[in-house]
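Asks: Any chance you can model this:
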Amino acid sequence: MSLEVIILAAGQGTRMKSRLPKVLHAIAAKPMLGHVMETAAKLSPIATHVVVGHGGDLLRSYLDSSSNNRSLNVVEQTEQLGTGHAVDQAIPQVATDSVALILYGDVPLTQLQTLQDLVVRAEQGSLALLTVELTNPTGYGRIVRDAQHQVVAIVEQKDASEAELTIREINTGIMALPAAWLKQWLPQLSSDNAQGEYYLTDIIAMAAAAERRIEAIHPASEQEVQGVNNRLQLAELERWYQLQQAQHWMTEGVTLADPARVDFRGDIRIGQDVSLDINVILEGRVVIGDNVSIGANSVIKDSSVASGTVIKPHSMLDETLVGENCDIGPFARLRPGTVLANNAKIGNFVETKKTIVGEGSKINHLSYVGDATLGRGVNVGAGTITCNYDGVNKFQTEIGDHAFIGSNTSLVAPVQVGAGATTGAGSTITKAIEADTLGVSRGRQVNLKGWQRPQKKSEPL
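Replies: Presented below is the predicted three-dimensional model:
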């Protein structure tokens, strides 16, 4: 049987106290809805139906920008009348002979294996339900079982009897079942309950009455099925997610100075014998080679760092390619388009942007180098800047192999400095310097003997 996924994402999320739809609040820099969709996509469904309501325009914009899945179908729920009503908006577009997997946009961290177990049982002709036992089940629908321990119903908190409230096994809402059953039972739902809503969970009693097989599956941890209703719960899931990532990478040979103080936010790949100090953030698509050391409070985003490189504390790399055995920081900022060849060095308080730094070249101190190409073995002195922007257009600076740029040099682009050339400290270079040539551009020093410093006038008493 083919699989179709229905994701419920129409809730307002008033307890988030935000103008942003609840499911767009992020864990590990990715909206919760994005986590759900990413995991669902690994199941290879023939279609994914996302039911939207509150904040529908923002949700549609996110879905349009983040998904290249042609089988994505966005369904509008104009009135929020409960989970049963939400699924009913999507079910007409679901093939009758498929299995339907129902997920929630605010339950972001359900694992792939858990969902696979549900789908397999549904394909075998069961209503597969994801349940979990909680020490404090308050607020959740309770799983009611018969004398043979078979699931026969789900009772919502507000409709439960005193005896039913003592049940610790709760409904997560996540389930998989043949779509034909949904098409048969959804029209039979009633809103005659304390909430005045159409509960999807009422189909469990219908399945039991029809003698359909109901199987309860349990996740490996309760955080897999934890929903988010406020920012406290969002933060709790963030830390749990990060701890799972930290534990994974430590088992893969990565040293973390403190597993509680490192964040992994994206598609991360890390080699062996890598060391991450406290408060390191890896975000987006990041590749770290073997034997790399990253200092405290550094942020690496959408970048690749080759083996043997040392990144010192408080450095930021964004869309940067770093070669082997480079030395970066502390307090370095490498902006998009920066490429460092092997053995390059970027020192403290240096900023680069759209710059290629050749093998063994150094920009050691307090410099800005943008829209530039540096050859091999170049030395850039402290306080150097490339003046690459005239207020409208950007221009290129080219520095040849083994050139020496004196401290406090301003390179006014477009300009070329030849191989082996030198600029005198404090120069403003506006013309090309030929290879093996000294370029100096500064006023002649004048010393005035007997010059007196201005004196403050005495204030009248």
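Asks: What number of residues are in the vicinity of the nearest residue to Met250 once chain neighbours are set aside?
Replies: Take Met250 and drop its neighbours on the chain: the residue closest to it by Cβ to Cβ, 6 or more residues apart in numbering is Leu256, 5.9 Å away. Quick note: C-beta positions are derived from backbone N, CA and C, even for glycine. Using other Cβ atoms under 10 Å, the number of residues around Leu256 comes to 18.
Asks: got the buried residues for the host helix or strand of His248?
Replies: Using DSSP states H and E, His248 maps to helix 231-251. Judged by neighbour count using 16 or more other Cβ atoms under 10 Å, the buried positions of helix 231-251 are 234, 237-238, 240-242, 245-246, 249.
Asks: partners of the helix or strand just after that helix in the sheet?
Replies: Where DSSP H and E defines the elements, the next helix or strand beyond helix 231-251 is strand 254-256. The strands beside strand 254-256 in its sheet (DSSP bridges) come out as strand 274-276 (parallel).
Asks: Check the offset of the partner strand from the chain's centre.
Replies: Computed by Cα atoms, centre = their mean, to the nearest Å, the chain-centroid distance of strand 274-276 equals 20 Å.
Asks: Got the domain ranges for this structure?
Replies: 3-225, 231-439 (automatic domain parsing).
Asks: Ignoring the adjacent residues along the chain, who's closest to Ile214?
Replies: Val151 (4.4 Å).
Asks: quick one, what contacts the one you found?
Replies: Under the criterion of Cβ atoms under 8 Å, 6 or more residues apart in numbering, the neighbours of Val151 are 129, 131, 143-145, 204, 208, 214-216.
Asks: Please pick the buried ones from the residues you listed.
Replies: 129, 131, 143-144, 204, 208, 214-216.
Asks: which one among those gets closest to Lys362?
Replies: Set against Lys362, the nearest of the buried ones among the contacts of Val151 by Cβ to Cβ is Thr131 (60.9 Å).
Asks: List the buried residues in the helix or strand the closest one falls within.
Replies: Counting by DSSP H and E, the element that carries Thr131 is strand 126-133. For strand 126-133, burial by neighbour count (16+ other Cβ under 10 Å) applies to 126-132.
Asks: just stretch 291-301 next, same as before
Replies: For stretch 291-301, by 16+ other Cβ under 10 Å, it's 291-292, 294-301.
Asks: Quickly find the element holding Arg207.
Replies: Careful, residue 207 is Ala and not Arg. Counting by DSSP H and E, Ala207 is part of helix 203-209.
Asks: got the contact list for the residue nearest to Ala207 when sequence neighbours are not counted?
Replies: Closest residue in space to Ala207, ignoring its immediate chain neighbours: Leu127 at 4.8 Å, by Cβ to Cβ, 6+ apart. Neighbouring residues of Leu127 by Cβ under 8 Å, 6+ apart: 175-177, 181, 203-204, 207, 212-215.
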